[in-house]
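Peer 1: what would the 3D arrangement of this be:
(one chain, ligands or ions: 1)
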Amino acid sequence: MSDAYLALEDGRVVEARGRVPGRTRGELVFTTAYTGYEESLTDPSYEEQVLTFSYPLIGNYGVRAERFESDRVHPRAAVAREFTEDVVEWLADEGVPAVDHVDTRDLVTSIREEGAMKVGIAVGEDATPEAAKEELAKCKGMSEHVDIGAQVTTTELTTYEGDGDQTVTLIDCGAKQSIIDSLVERGATVHVLPYDATADDVSALDSDILFVSNGPGDPENFTATRELVEEFAGEVPIAGICLGQQIVASALGGTTGKMAFGHRGVNQPVRDLQTGKVIMTTQNHGYTVEDPGEHLDVTQVNVNDDTAEGLASEELSVITRQYHPEAHPGPHDSLGFFDDVLSMGTPEGNGRKRRVVASD
Ligand SMILES: NC(=O)CC[C@H](N)C(=O)O
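Peer 2: Take a look at the predicted model:
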């Protein structure tokens with residue numbers, strides 16, 4: 001008799017060892033990252049998902065709050081071949097169900113072949129396959145979580161002071177802390193606004209850059225954030241990361257769509273189309289920009305599947321990335337993105353020049 005069951009959308013029920021009890025459901029996804037479990041588990045983009053680690057041992061260097069990307073664990077449950085006691089204690093404190101002793105190679109192969117799928121989970125002494133199936137029956141698809149932004153955003157303006165002159169308004173759709181840190185380290189003062197901030201809220205701050213963060217769910221559900229991009233494009237330089245790239249593209253006439261199983265890991269190769277250089281990147285996304293629209297150019301692509309990894313418009317002063325240039329965890333190849341973003345807002349940068357011209 002097992003004490004943990006995973007009921008998959010394809011009809012299978014997988015037995016596991018229960019580590020943290022509870023019942024839950026979500027979209028079953030996997031990450032191939034072999035490091036960075038603290039960053040992944042606290043990344044708000046995993047909201048409403050169940051995270052499977054393909055790397056077999058999770059927790060081998062402990063749990064340290066300084067590596068957290070937000071103030072709580074976001075996946076609804078965690079699945080591994082083996083979790084250490086440190087991780088189990090942390091997930092238990094957070095009330096997040098966890099299971100291990102799962103054949104994660106088999107689970108990951110199913111997700112690769114059939115795509116990200118719904119899962120219901122029951123863990124604990126009274127767990128049964130039927131209880132897991134009941135959870136599965138209640139599971140919504142990612143795109144049905146229409147107000148997922150409200151679950152992860154800040155509710156009020158928060159300012160992080162940098163020691164330079166530049167200011168950035170970051171729209172928080174579920175921002176990772178290291179995005180804010182990367183900007184502040186470069187001297188920028190970062191004003192963080194809720195995902196449903198109004199154009200007046202943004203105008204009142206009069207920042208040099210408008211930045212749309214990463215976040216969970218379907219970009220098409222972020223209507224208020226999309227409207228901000230529509231409103232300010234051409235007036236203020238705009239940057240975006242991950243969900244931010246998708247929202248910016250959608251606002252400027254592009255289209256987005258769902259991938260079969262997405263990109264989640266720390267070694268996704270990305271080619272810059274201008275330099276031909278390939279860098280390694282950290283990623284976590286299930287949607288992608290399918291058509292950038294007439295205003296944006298694709299500047300970088302994924303080497304594995306040619307999906308859009310970077311977009312830009314010189315005319316509108318826009319640059320975005322699908323991957324995570326803040327590199328937590330992961331290779332630091334792409335940190336220069338933040339210098340490029342901030343240079344758009346300098347007196348020499350296109351954006352600032354246009355703003356001066358516009359207000360003359
Ligand atoms: N990390 C992110 O911002 C994820 C973006 C979006 N929720 C996706 O899954 O594609």
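
Peer 1: for the ligand, what are the nearby residues on the stretch 201-350 of the chain?
Peer 2: Applying CB under 6 Å from any ligand atom, one finds that the stretch 201-350 of the chain approaches the ligand through Asn214, Gly215, Pro216, Gly217, Cys242, Leu243, Asn284, His285, Gly286, Tyr287. C-betas here are computed from N, CA, C, even on glycine.

Peer 1: which residues touch the second one?
Peer 2: Put plainly, it is Gly215. Each residue near Gly215 by CB atoms under 8 Å, 6 or more residues apart in numbering is listed here: 44-45, 148-149, 152-153, 172-175, 195, 222, 242-244.

Peer 1: now do 7 Å
Peer 2: Contacts for Gly215 (CB atoms under 7 Å, 6 or more residues apart in numbering) come out as Pro44, Ser45, Gly149, Val152, Cys173, Gly174, Leu243.

Peer 1: any idea how far the third one is from the ligand?
Peer 2: Per CB to the nearest ligand atom, to the nearest Å, Gly149 is found 10 Å from the ligand.

Peer 1: same question, Glu9
Peer 2: Applying CB to the nearest ligand atom, the value for Glu9 to the ligand is 18 Å.

Peer 1: contacts only, for that residue.
Peer 2: Glu9 neighbours (CB under 7 Å, 6+ apart): Met117, Lys118, Val119, Leu136.

Peer 1: now do 6 Å
Peer 2: Neighbour list for Glu9: Met117, Lys118 [criterion: CB atoms under 6 Å, 6 or more residues apart in numbering].

Peer 1: and it, what's its pLDDT?
Peer 2: Per-residue confidence (pLDDT) for Glu9: 97.

Peer 1: before we move on, back to that, tell me the two of the contacts of Gly215 that are most distant?
Peer 2: Ser45 and Gly149 (11.5 Å; CB to CB).

Peer 1: count the neighbours of the closest residue in space to Val13 that isn't next to it in sequence for me.
Peer 2: Distances taken as CB to CB, 6 or more residues apart in numbering place Pro129 nearest to Val13, at 4.7 Å, with adjacent residues excluded. Pro129 has 16 neighbours, counted by other CB atoms under 10 Å.

Peer 1: show the pLDDT at Pro129.
Peer 2: Listed pLDDT for Pro129 reads 98.

Peer 1: do the same with Arg355
Peer 2: What the model reports as pLDDT for Arg355 is 43.

Peer 1: likewise for Pro347?
Peer 2: 76.

Peer 1: now swap in the one 5 residues further on and tell me
Peer 2: Listed pLDDT for Arg352 reads 44.

Peer 1: likewise Met1?
Peer 2: 69.

Peer 1: check Asp360 too.
Peer 2: For Asp360, pLDDT reads 34.
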